[in-house]
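Novice: Sequence first, then the predicted structure, then my questions.
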Amino acid sequence: MPFNAQTIHEIDTLFEITAIGFLLATLIFPLLKGKAKRIQELKIDTDTSESEYAINEHGFLERIKSHDPQHD
């Protein structure tokens, strides 16, 4: 199927419209994304004064010694 001048012009116009669309998308999408929300740091409570169990240095759960002298 041979291409005539009108078909080539239509393909060229479609290519230009597509290129303009891509350029606009690269400018608009970052603006729509917005800024990342600041993540609040979590504070981990490491107080074991009222705990019966804790994670040891090897990553296992173990019963800890009581801090209350009445339980010793």
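Specialist: Ah, there it is.
Novice: Where in this structure is the helix or strand with the lowest mean pLDDT?
Specialist: Within the chain, no helix or strand scores below strand 53-55, which has a mean of 84 by mean pLDDT, DSSP states H and E.
Novice: Three-state assignment for the spatially most central residue of the chain, please.
Specialist: For the chain, the residue nearest the mean C-alpha position is Ala36 (9.1 Å; C-alpha atoms, centre = their mean). What DSSP: H, G, I helix; E, B strand; the rest coil gives for Ala36 is coil.
Novice: Return the distance of it relative to Pro30.
Specialist: Ala36 sits 12 Å away from Pro30, going by C-beta to C-beta, to the nearest Å. Bear in mind the C-beta positions are built from the backbone N, C-alpha and C, glycine included.
Novice: hmm, who's touching the least confident helix or strand of the chain?
Specialist: Contacts with strand 53-55, where a contact means C-beta atoms under 8 Å, 6 or more residues apart in numbering, come from 48, 61-64.
Novice: if you look at those residues, which of them are in helices?
Specialist: Among the contacts of strand 53-55, no residue falls in helices (DSSP state H).
Novice: re the thing from before, ok, the least confident helix or strand of the chain: who's next to it in the sheet?
Specialist: As defined by DSSP bridges, the strand partners of strand 53-55 come to strand 61-63 (antiparallel).
Novice: List of residues touching the partner strand?
Specialist: Applying C-beta under 8 Å, 6+ apart, the contact partners of strand 61-63 are 52-56.
Novice: Present these as CSV; the columns should include distance to Lys43.
Specialist: Below are these laid out as CSV (distance: C-beta to C-beta, whole Å):
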residue, distance to Lys43
Glu52, 22
Tyr53, 20
Ala54, 17
Ile55, 17
Asn56, 22
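Novice: Kindly indicate the member of the residues you listed with the most neighbours.
Specialist: Among these, Ala54 has the most neighbours (other C-beta atoms under 10 Å), with 13 neighbours.
Novice: any idea how far Phe60 is from it?
Specialist: 10 Å.
Novice: before we move on, what about Leu24?
Specialist: Leu24 is 57 Å from Phe60, by C-beta to C-beta.
Novice: could you say which helix or strand contains Phe29?
Specialist: helix 5-33 (DSSP states H and E).
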